[in-house]
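Undergrad: task: produce atomic coordinates for the following.
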Amino acid sequence: MTEIPQQVAGKVVIVSGASRGLGAAFAARIIDEGGSVVVADVLDDEGRATVDKLGERARYAHLDVTDRQQWQDAVDLTVSEFGRVDGLVNNAGISAGQYIEHETAENFRRVLDINLTGVFNGIQTVIAPMRAAGGGSIVNISSAAGLMGLALTAGYGASKWGVRGLTKIAAVELGTDKIRVNSVHPGMTYTPMTADLGIQQGDGNYPNTPMARVGVPEEIAGAVSFLLSDAAAYVTGAELAVDGGWTAGPTVKYVMGQ
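TA: Predicted structure coming up:
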């Protein structure tokens with residue numbers, strides 16, 4: 001078994017949307033690497049169950065990312081329980097969309113409110129406690145859909161491109177405060193939610209990517225923990241694609257017409 005490096009040992013991190021899926025994997029990785037985590041979500045029962053599994057260095061906070069007061073409450077809980085905030089992973093989001101021609105303005109706004117304004121709210125709320133701690137790291141979870149045009153993702157794709165841009169603006173503005181801000185762009189990753197799409201794990205089961213497979217949450221978590229860690233001390237404003245090469249270009253077989 002590969003030993004997990006202790007990249008975030010001693011750090012205190014808030015992860016939004018962490019009750020299940022990618023967010024739960026991020027929280028578990030932080031605990032495994034010696035950090036402390038606040039699991040923040042609207043799914044209270046699942047969130048508390050996740051915290052119970054993670055142990056004594058984990059806490060739960062109810063968080064609707066569109067509610068600024070709930071963000072402040074989550075930050076206050078983190079400081080009260082652990083003394084400071086070193087990191088934030090803006091992971092909460094929803095995936096919904098259809099052809100632009102048929103998308104409703106109401107649904108478009110809803111997706112942007114959760115996926116983009118929610119990230120803005122999180123960034124804004126942790127600035128003061130991170131300054132007080134002498135700096136920190138914010139990791140915004142965007143998507144491969146934030147690096148390319150992807151059909152059927154009108155609201156989702158627009159929100160993830162927005163997260164990408166907001167990340168760079170925050171990195172520029174907060175650099176002198178020693179607050180680093182980066183975005184991670186997962187490709188198709190196997191989670192309980194994406195399993196419903198019929199995707200399968202294993203080599204050769206996802207020919208859309210050069211690596212011909214979907215990712216697993218632990219692979220995305222490794223990238224997130226790196227950006228949270230001091231190993232990434234000179235990395236800010238970056239966009240890290242963790243997508244099996246999906247956004248790098250079409251597969252060789254596709255180009256060769258095979």
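Undergrad: go through stretch 40-50 and flag the buried ones.
TA: Judged by neighbour count using 16 or more other C-beta atoms under 10 Å, the buried positions of stretch 40-50 are 40, 41, 42, 43, 46, 47, 48, 49, 50. (Glycine included, C-beta is placed from N, CA and C.)
Undergrad: the fifth one and residue 23, how far apart?
TA: Pointing back at residue 46 there. With distances defined as C-beta to C-beta, to the nearest Å, the gap from residue 46 to residue 23 amounts to 10 Å.
Undergrad: which of the buried residues of stretch 40-50 fall within helices?
TA: With DSSP state H as the criterion, helices contain 46, 47, 48, 49, 50 from among these.
Undergrad: switch these over to a markdown table; also include distance to residue 189 and pLDDT.
TA: Written out in a markdown table, the entries for those read as follows (distance: C-beta to C-beta, whole Å; pLDDT from 0 to 100):
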| residue | distance to residue 189 | pLDDT |
| --- | --- | --- |
| 46 | 18 | 97 |
| 47 | 20 | 98 |
| 48 | 24 | 98 |
| 49 | 21 | 98 |
| 50 | 18 | 98 |
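Undergrad: export those residues to TSV and tack on distance to residue 10?
TA: Output for those, formatted as TSV (distance: C-beta to C-beta, whole Å):
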residue	distance to residue 10
46	27
47	24
48	25
49	26
50	21
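Undergrad: ignoring the adjacent residues along the chain, who's closest to residue 202?
TA: Counting by C-beta to C-beta, 6 or more residues apart in numbering, the nearest residue to residue 202 once its immediate chain neighbours are dropped is residue 213, at 6.3 Å.
Undergrad: reformat the buried residues of stretch 40-50 into a markdown table and put distance to residue 66 next to each item.
TA: Rendered in a markdown table, the data for the buried residues of stretch 40-50 read as follows (distance: C-beta to C-beta, whole Å):
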| residue | distance to residue 66 |
| --- | --- |
| 40 | 13 |
| 41 | 13 |
| 42 | 10 |
| 43 | 15 |
| 46 | 19 |
| 47 | 17 |
| 48 | 21 |
| 49 | 24 |
| 50 | 21 |
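Undergrad: closest to residue 34 among those?
TA: Looking at those and their distance to residue 34, the nearest is residue 50, at 18.3 Å (C-beta to C-beta).
Undergrad: what is the three-state secondary structure of the residue nearest to residue 202?
TA: For residue 213, the assignment made with DSSP: H, G, I helix; E, B strand; the rest coil gives coil.
Undergrad: packing partners of the longest strand along the chain?
TA: In the chain, assigned by DSSP state E, the strand with the most residues is strand 179-186. When contacts are defined as 3 or more C-beta pairs under 8 Å, 6 or more residues apart in numbering; DSSP states H and E, strand 179-186 sits against helix 118-132, strand 136-141, helix 154-174, helix 217-228, strand 239-242.
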